[in-house]
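Asker: this one's sequence-less:
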């Protein structure tokens, strides 16, 4: 899966660990005794260090599963691809600064001239936008200038993981509430915590969604900005312009 196979970094590692931990904590808040089962029913040697290691491993595995789900969902809703396939067009929602947009359009045209790719005016096709975006990413990585963009990619990845995490917690919260009502016949007092927790998780879904869109936008902007500077240094070191 493309999202899982992206360049793995320390940011990805902590994203997986942290997101898995949030899911475990959220499940515990809803009343599912996951930690108790792990501690009491699975007979591990009585060692706090070993128990903590198992918890960290479980967090990582759950985080990895969340990343896989995020990759599948991302292909379905196509938030990032809609941005990367239109950011060179006039009036796009990613590059709103017209001066920067003109610079990036000229950079793209310079590249396409060298690659014998025809562009009519500023009518870039989605495939051309995607190609230029991928080229910018590879260019900055090859020249060792991807540190800042990697940080933004890590933030984007964390937001997408949280989106899936809180969506699953909301679903589990609804299941928990119906279970308590139909099978346990709980009173209102025992339903307050699951209901409030589920409402909070639902609110965090929307917060994570909009945070992810913002992070993707900033990621693309930063990538293009870094590419602009790098291309001026490495492609035209003497401020030359293409003939």
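Answerer: Right, received. Where do you want to start? Being a predicted model, the structure only gives us computed values, none of them experimental. Numbers count the residues shown, from 1 in each chain.
Asker: ok, longest helix in this structure?
Answerer: Counting residues, the longest helix found in the chain (DSSP state H) is helix 188-234.
Asker: determine the set of other helices and strands touching that one.
Answerer: helix 10-30, helix 79-84, helix 98-114, helix 126-142, helix 147-179 (3 or more Cβ pairs under 8 Å, 6 or more residues apart in numbering; DSSP states H and E). Placement of C-beta: from N, CA and C, glycine included.
Asker: can you list the buried residues in the second one?
Answerer: It stands for helix 79-84. For helix 79-84, burial by neighbour count (16 or more other Cβ atoms under 10 Å) applies to 79, 80, 83, 84.
Asker: also the longest one?
Answerer: Of the residues in helix 147-179, those buried by neighbour count under the rule 16+ other Cβ under 10 Å are 149-150, 152-170, 172-173, 176-177.
Asker: just checking, what packs against it?
Answerer: Secondary elements touching helix 147-179 (3+ Cβ pairs under 8 Å, 6+ apart): helix 10-30, helix 48-77, helix 188-234.
Asker: if you average pLDDT over each of these, which is lowest?
Answerer: With a mean of 86, helix 48-77 has the lowest mean pLDDT of the helices and strands packed on helix 147-179.
Asker: with adjacent residues omitted, what lies nearest to the residue nearest the centre of the chain?
Answerer: Centroid check for the chain by Cα atoms, centre = their mean gives residue 157 as the closest residue, at 2.5 Å. Closest residue to residue 157 apart from its sequence neighbours, by Cβ to Cβ, 6 or more residues apart in numbering: residue 15 at 5.2 Å.
Asker: identify the residues contacting that neighbour.
Answerer: 63, 67, 154, 157, 158, 161 (Cβ atoms under 8 Å, 6 or more residues apart in numbering).
Asker: let's see it at 6 Å
Answerer: Residues near residue 15 by Cβ atoms under 6 Å, 6 or more residues apart in numbering: 157, 158, 161.
Asker: and of those residues, the nearest to residue 30?
Answerer: Comparing the contacts of residue 15 against residue 30 with Cβ to Cβ places residue 161 closest, at 18.9 Å.
Asker: the closest one contacts residue 66, correct?
Answerer: Yes: Residue 161 is in contact with residue 66 according to Cβ atoms under 6 Å; the separation is 5.2 Å.
Asker: give the residues shared as contacts by the two.
Answerer: Contacts common to residue 161 and residue 66, judged by Cβ under 6 Å, 6+ apart, are residue 19.
Asker: that older thread, would you format the helices and strands packed on helix 188-234 as JSON lines with distance to residue 213 included?
Answerer: Listed next are the helices and strands packed on helix 188-234 as JSON lines, based on distance: least, Cβ to Cβ, whole Å:
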{"stretch": "helix 10-30", "distance to residue 213": "17"}
{"stretch": "helix 79-84", "distance to residue 213": "6"}
{"stretch": "helix 98-114", "distance to residue 213": "19"}
{"stretch": "helix 126-142", "distance to residue 213": "16"}
{"stretch": "helix 147-179", "distance to residue 213": "8"}
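Asker: relative to residue 38, which of the ones you listed is closest?
Answerer: Closest among the helices and strands packed on helix 188-234, using Cβ to Cβ: helix 10-30, at 9.3 Å.
Asker: okay, the angle between the closest one and helix 147-179?
Answerer: 20 degrees (axes from the mean of the first three to the mean of the last three Cα atoms, to 10 degrees).
Asker: helix 10-30 vs helix 188-234, what angle?
Answerer: 170 degrees.
Asker: fine by me, we can end here.
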